[in-house]
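Engineer: Give me the fold of what follows.
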Amino acid sequence: MSARAVVSKNRPVAMQRQVLQPDGKLVDGAQPMEEEFLLEALRWMMKSRLYDHRVIGLQRQGQFGVYSPGMGQEASIVGSAMAVDPARDWMVPQYRELMASVHHGLPLEVISSQYLGKIGPARIPEGVKVLPTQVAIAAQLPQATGLAWGLKLRGEDSVVIAYIGDGGSSEGDFHEGLNLAGVTKAPIVFFLSNNQWAISTSRRVQTATRSFALRAAGYGFDGVEVDGNDVMAVYAATRAAVDKARKGGGPSLVEATTYRMSFHNTTDNPSRYQDPKDYEEAKTRDPIERVQKYLASIGLWDGKKDEAWTEELREENDRALKLAAEAQPPNPDDVFANVYQDPPLRIVRQRSELAGGQR
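Structural biologist: Next up, the predicted model:
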């Protein structure tokens with residue numbers, strides 16, 4: 001992996017780590033992923049984008065909950081997920097890393113059930129080392145640090161990867177979580193997806209720092225900036241941070257510089273604040289096309305394979321959505337479950353009244 005100057009009007013010039021250029025050619029001297037591993041990464045990236053397209057359509061029809069797509073960020077989502085071990089490492093997601101959680105063992109039908117409001121079927125299965133999706137910005141970071149610190153105190157050979165966006169880095173929980181991680185030398189990787197937008201607030205006016213990765217020094221640990229549209233570079237940088245944490249080297253902050261090629265979520269209208277020229281520039285750096293171009297250059301990708309994979313992945317996604325649609329709907333009584341061990345009298349009364357009203 002090489003460090004090279006990457007110019008974008010969305011951020012100042014910085015030295016980013018990069019392996020695969022937007023034209024599908026390797027950076028001079030860079031070592032690519034093994035071919036089978038890269039094909040696996042591409043499959044997950046394509047699955048992510050196809051799922052986004054499918055459920056956005058369902059949401060527009062009133063058949064799916066508010067959804068935050070990862071379009072344009074697939075290399076960051078997949079490359080980082082492939083760098084951790086689902087058998088021993090923990091993942092603490094926010095709301096845009098859906099396919100990272102699936103890669104880590106959380107079934108797609110379980111996640112889909114959550115968007116359909118089905119409480120029981122959306123429960124994370126035993127043995128899956130993924131915490132619940134966090135929507136409150138950066139609120140998961142202190143918990144992620146606590147989890148990592150606890151794993152260290154117990155002597156477990158495990159690492160935590162916690163996801164955050166550039167907007168979340170302006171929240172107090174970001175600073176508290178990273179500061180505690182630095183003090184305790186917790187085995188955690190903070191993965192910051194800098195997609196240039198905190199909802200409608202541009203990265204340009206959010207901070208004066210040249211790079212979010214530079215903030216790591218203030219907490220006493222390493223930070224690195226990587227081309228977030230380069231799945232090879234994202235994997236390599238995250239894997240290095242994971243290996244360091246596993247060996248007792250403490251936390252790291254990985255900033256993946258990318259671009260949100262869609263809306264913040266399905267309630268958002270980015271045309272009101274995004275410059276169309278920025279979007280067109282971002283399309284030239286599409287993370288999926290970049291890998292496909294490279295694989296085509298070595299004889300491992302063509303239009304026929306693209307069509308076959310697209311059909312297979314659509315079928316996979318549709319099976320998961322069908323299972324979610326057929327899953328048990330919530331019972332009104334569920335609102336009282338798992339809240340109190342010994343419910344107060346007013347709750348007992350309300351529960352009884354609800355049950356009576358259902359008869």
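Engineer: Tell me how many other residues surround the nearest residue in space to L295 that is not next to it in sequence.
Structural biologist: Leaving aside its sequence neighbours, L295 sits nearest to W301 (Cβ to Cβ, 6 or more residues apart in numbering; 3.6 Å). Just so you know, the C-beta spots here come from the backbone N, C-alpha and C atoms, and that holds for glycine as well. By other Cβ atoms under 10 Å, the residues close to W301 number 19.
Engineer: try V128
Structural biologist: 16.
Engineer: Contacts only, for it.
Structural biologist: Counting by Cβ atoms under 8 Å, 6 or more residues apart in numbering, V128 makes contact with P86, H104, G105, L106.
Engineer: so how far is L147 from the last one?
Structural biologist: L106 sits at a distance of 16 Å from L147 (criterion: Cβ to Cβ, to the nearest Å).
Engineer: more crowded one of these two?
Structural biologist: Legend: neighbour count by other Cβ under 10 Å for L106 and L147, higher for L106 (24 against 21).
Engineer: What are the boundaries of the strands in the chain?
Structural biologist: All strands of the chain, identified by DSSP state E, fall at 2-8, 11-18, 90-92, 160-165, 188-194, 197-198, 201-202, 222-227, 252-257.
Engineer: Determine how far stretch 121-133 lies from the middle of the whole chain.
Structural biologist: From the chain centre to the centre of stretch 121-133 is a distance of 15 Å (Cα atoms, centre = their mean, to the nearest Å).
Engineer: In PDB, could you pull the C-alpha coordinates for it?
Structural biologist: Taking C-alpha atoms only, stretch 121-133 is exported to PDB below (Å, rounded to 0.1, in the frame of the first residue of the first chain):
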ATOM      1  CA  PRO A 121     -37.400 -11.600  14.500                       C
ATOM      2  CA  ALA A 122     -35.100  -8.600  14.700                       C
ATOM      3  CA  ARG A 123     -33.300  -9.900  17.800                       C
ATOM      4  CA  ILE A 124     -29.600 -10.500  17.300                       C
ATOM      5  CA  PRO A 125     -29.000 -14.300  17.400                       C
ATOM      6  CA  GLU A 126     -26.800 -15.700  20.200                       C
ATOM      7  CA  GLY A 127     -23.200 -16.000  19.200                       C
ATOM      8  CA  VAL A 128     -23.300 -13.100  16.700                       C
ATOM      9  CA  LYS A 129     -20.800 -10.500  18.000                       C
ATOM     10  CA  VAL A 130     -22.600  -7.400  16.700                       C
ATOM     11  CA  LEU A 131     -24.200  -4.700  18.900                       C
ATOM     12  CA  PRO A 132     -27.600  -3.200  18.000                       C
ATOM     13  CA  THR A 133     -27.600  -0.600  15.200                       C
END
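Engineer: For it, buried residues please.
Structural biologist: Using 16 or more other Cβ atoms under 10 Å as the test for burial, stretch 121-133 gives P121, A122, I124, V128, K129, V130, L131, T133.
Engineer: Just the pLDDT for D278.
Structural biologist: Per-residue pLDDT puts D278 at 88.
Engineer: what about the residue nearest to L295, distance to G172?
Structural biologist: 45 Å.
Engineer: try V339
Structural biologist: 27 Å.
Engineer: quick revisit: closest to K277 out of the strands of the chain?
Structural biologist: strand 2-8 (11.7 Å; Cβ to Cβ).
Engineer: Break the protein down into its domains, please.
Structural biologist: Following automatic domain parsing, one finds the domains of the chain at 2-328, 332-359.
Engineer: Would you list the phi and psi of the residue nearest the centre of the chain?
Structural biologist: When Cα atoms, centre = their mean is applied to the chain, the residue found nearest the centroid is E97 (2.4 Å). The phi and psi values for E97, taken as degrees, to the nearest 10, are phi -100, psi 40.
Engineer: Contacts for stretch 349-358, please.
Structural biologist: P332, D333, F336, P343.
Engineer: repeat that for 6 Å
Structural biologist: P332, F336 (Cβ atoms under 6 Å, 6 or more residues apart in numbering).
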